[in-house]
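Asker: All I have is the shape, not the residue letters:
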């Protein structure tokens, strides 16, 4: 079964990060990234640009209009994502817990949301 893991962060904490925090993040991330990749469960991983650089398409009447910014303004925006294969939600939680983001709350807050994928088509 496939699960999409959505990584959120606290925008205020992220903005307040120092260069030293960035170095600490890299040090903490490397072994956990490696473990997640070597687990055999990781299908793909990606990080997102800043929310203010997003464009959102909304239906207005019978047309679709683009607007600047994310779909929803929030203090905890989506910053990264990854997809894993796991037998069930319990295993997905165990695998997702290998992601470095679960160990970095003291630096930039947030958390990881794990959602079962109902349908998936690779093109």
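Answerer: Happy to help now that I have it. Treat the numbers as computed from the prediction; the structure is a model and nothing was measured. Residues are numbered from 1 along each chain as shown.

Asker: In the chain, what residue spans correspond to strands?
Answerer: Assigned by DSSP state E, the chain shows strands spanning 2-8, 42-47, 55-60, 63-68, 78-85, 111-116.

Asker: And these: which comes nearest residue 21?
Answerer: strand 78-85 (14.6 Å; C-beta to C-beta). Where you see a C-beta, it was placed from the backbone N, CA and C, and this is true even at glycine.

Asker: ok, residues contacting the closest one?
Answerer: Residues from elsewhere that reach strand 78-85 (C-beta atoms under 8 Å, 6 or more residues apart in numbering): 1-9, 14, 36, 41-48, 51, 92, 95-96, 99, 101, 110, 117.

Asker: again, only using 6 Å
Answerer: The contact list for strand 78-85, computed with C-beta atoms under 6 Å, 6 or more residues apart in numbering, reads 2-9, 41-48, 95.

Asker: From the residues you listed, list just the buried residues.
Answerer: Of all the contacts of strand 78-85 considered here, the ones buried according to neighbour count by 16 or more other C-beta atoms under 10 Å are 3, 4, 5, 6, 7, 8, 9, 41, 42, 45, 95.

Asker: Quickly list what the first one is bridged to.
Answerer: Same thing as residue 3. Taking DSSP bridges as the rule, residue 3 bridges to residue 84, residue 116.

Asker: All good on my end, thank you.
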